[in-house]
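everything below, folded, please.
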Amino acid sequence: MPVANLLQGKTAIITGGTTGIGRAIALEYLRQGCNVVVNHLGLEKDQPHLTSLVAEAEALKTSSSSTVTTPPTQTIGILSHLAGDVSDPATGPSLVSHAVAQFGRLDICVSNAGICQFADFLTLTGDLWSRTVRTNLDGAFYVVQAAAQQMAQQDPLPSSSTQQQQHRGAIIGISSISALVGGGQQAHYTPTKAGVLSLMQSCAVALGKHGIRCNALLPGTVRTQLNDEDLADDKKRAYMEGRIPLGRTGDPRDLAGPAVFLACEELSGYVTGAQVLVDGGLFVNLQ
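Numbers count the residues shown, from 1 in each chain. Next up is the predicted model:
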């Protein structure tokens with residue numbers, strides 16, 4: 001994104017922020033001057049992703065200070081991180097407390113953490129159903145509620161807007177195109193993404209009076225670690241690309257710009273309860 005400092009001085013939390021869509025959003029938020037706390041599971045297998053994210057965040061600072069084309073007023077945000085499983089009710093409040101302790105307030109919450117394991121409906125186990133619901137939907141509720149509680153009691157954001165509306169924060173739920181369509185091997189997954197969309201709509205109604213905007217991003221077929229194995233099948237990938245008007249599957253970075261838009265009250269201050277499809281046109285071409 002060529003514009004810099006759209007989120008300067010703000011603080012964001014992002015669950016599942018070391019890989020995929022969460023990582024892409026975290027890096028763009030940092031470029032836009034936002035301090036970011038990413039949540040991750042803290043597992044040994046996650047460490048390489050966290051290490052590389054920290055290195056990439058440091059590289060942003062180096063490039064911003066040495067590149068002559070970088071605007072002289074650009075400020076790169078600070079990255080922090082905290083381990084925790086979002087399905088644990090304590091993780092959301094801990095993440096919020098960590099962000100406030102580090103940076104003084106919380107302005108943006110991106111509920112992104114999720115799991116997706118394909119399974120046939122007739123043999124779908126109760127354990128997989130419960131694990132998917134606990135992570136994707138329960139986890140979103142715990143994190144969003146904790147973020148909203150903090151935002152509702154803090155001072156409004158300073159704004160150059162001519163409107164008198166007070167802005168205390170922005171909450172973004174990462175839903176999916178799967179919230180709008182069925183999936184033969186996703187009967188346990190699609191309801192959770194529909195739930196995230198519905199959660200954002202209800203939170204928009206409940207939290208508008210507090211100056212908190214709540215919106216959902218609905219990615220289409222975006223290549224991440226969740227579906228990398230599935231899209232490794234050349235025939236399946238070609239089939240999917242043939243249904244997408246823009247002719248390609250998505251990249252996690254395709255979600256970063258829309259996430260900045262929804263987080264910035266100067267750009268989207270009158271947008272709440274919305275669902276933003278980022279799918280290359282797939283939904284309108286489903287037939």
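
remind me which residues of the stretch 51-200 of the chain are low pLDDT?
Counting by pLDDT under 70, the stretch 51-200 of the chain contains low-confidence ranges at 65-73, 159-164.

change it to 80
By pLDDT under 80, the weakly predicted segments of the stretch 51-200 of the chain are 63-74, 158-165.

wait, Leu218 sits on Ala179?
Yes. If you go by C-beta atoms under 8 Å, Leu218 and Ala179 touch, sitting 6.2 Å apart. Every residue, glycine included, has its C-beta placed from N, CA and C.

shared neighbours, those two?
Residues touching both Leu218 and Ala179 by C-beta atoms under 8 Å, 6 or more residues apart in numbering: Leu197, Gln275.

settle it for me: which of these two has more neighbours?
For Leu218 versus Ala179, the count of surrounding residues by other C-beta atoms under 10 Å is larger for Leu218: 23 against 20.

tell me which strands the helix or strand harbouring that one pairs with, and in which orientation.
Taking DSSP states H and E as the criterion, Leu218 maps to strand 212-219. The strands beside strand 212-219 in its sheet (DSSP bridges) come out as strand 169-174 (parallel), strand 275-278 (parallel).

which helix or strand lies directly C-terminal to the longest one?
In the C-terminal direction, the helix or strand that comes right after strand 169-174 (DSSP H and E) is helix 190-207.

for that following helix, buried residues please.
For helix 190-207, burial by neighbour count (16 or more other C-beta atoms under 10 Å) applies to 190-197, 199-201, 203-204, 207.

got it, and stretch 205-223?
For stretch 205-223, a neighbour-count test (16+ other C-beta under 10 Å) marks 207, 210-223 as buried.

show me where the stretch 51-200 of the chain has helices.
Taking DSSP state H, counting those that start in this stretch as the criterion, the stretch 51-200 of the chain carries its helices at 91-103, 126-133, 139-153, 190-207.

what helices and strands are in contact with the first one?
The criterion is 3 or more C-beta pairs under 8 Å, 6 or more residues apart in numbering; DSSP states H and E, and the helices and strands that helix 91-103 contacts are strand 11-14, strand 35-40, strand 79-83, helix 139-153.

so which of those is nearest Ala263?
With C-beta to C-beta as the measure, strand 11-14 is the member of those nearest Ala263 (7.0 Å).

and that closest one, how far out from the chain middle?
Relative to its chain's centre, strand 11-14 lies at 9 Å (C-alpha atoms, centre = their mean, to the nearest Å).

what's it packed up against?
Using 3+ C-beta pairs under 8 Å, 6+ apart, the elements in contact with strand 11-14 are helix 20-31, strand 35-40, helix 91-103, strand 108-111.

about what we covered before: put together TSV for the helices of the stretch 51-200 of the chain, with distance to Ser64 on each row.
Below are those laid out as TSV (distance: least, C-beta to C-beta, whole Å):
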stretch	distance to Ser64
helix 91-103	19
helix 126-133	39
helix 139-153	28
helix 190-207	33
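
who wins for proximity to Lys235 among those helices?
Closest to Lys235 of the helices of the stretch 51-200 of the chain, according to C-beta to C-beta: helix 190-207, at 23.2 Å.

tell me how far stretch 179-193 lies from the chain's centre.
With C-alpha atoms, centre = their mean, you get 19 Å for stretch 179-193.

first to last residue in that stretch, what's the distance?
Terminal residues of stretch 179-193 are spaced 5 Å apart (C-alpha to C-alpha, to the nearest Å).

report the inter-axis angle for the helix or strand hosting Gln47 versus strand 35-40.
Assigning secondary structure by DSSP H and E places Gln47 in helix 47-66. Interaxial angle of helix 47-66 relative to strand 35-40 (axes from the mean of the first three to the mean of the last three C-alpha atoms, to 10 degrees): 170 degrees.

re earlier: out of the helices and strands packed on strand 11-14, deepest packed?
Stretch with highest mean neighbour count among the helices and strands packed on strand 11-14: strand 108-111 (a mean of 30; mean count of other C-beta atoms under 10 Å).

what does it contact?
Residues outside strand 108-111 that contact it (C-beta under 8 Å, 6+ apart): 7, 10-15, 17, 22, 25, 29, 34, 139-140, 143-144, 147-148, 151, 169-174, 196, 259, 263.

repeat for stretch 43-62
Applying C-beta under 8 Å, 6+ apart, the set of residues contacting stretch 43-62 is 17-19, 23, 26-27, 30-31, 38, 40, 76, 79, 81.
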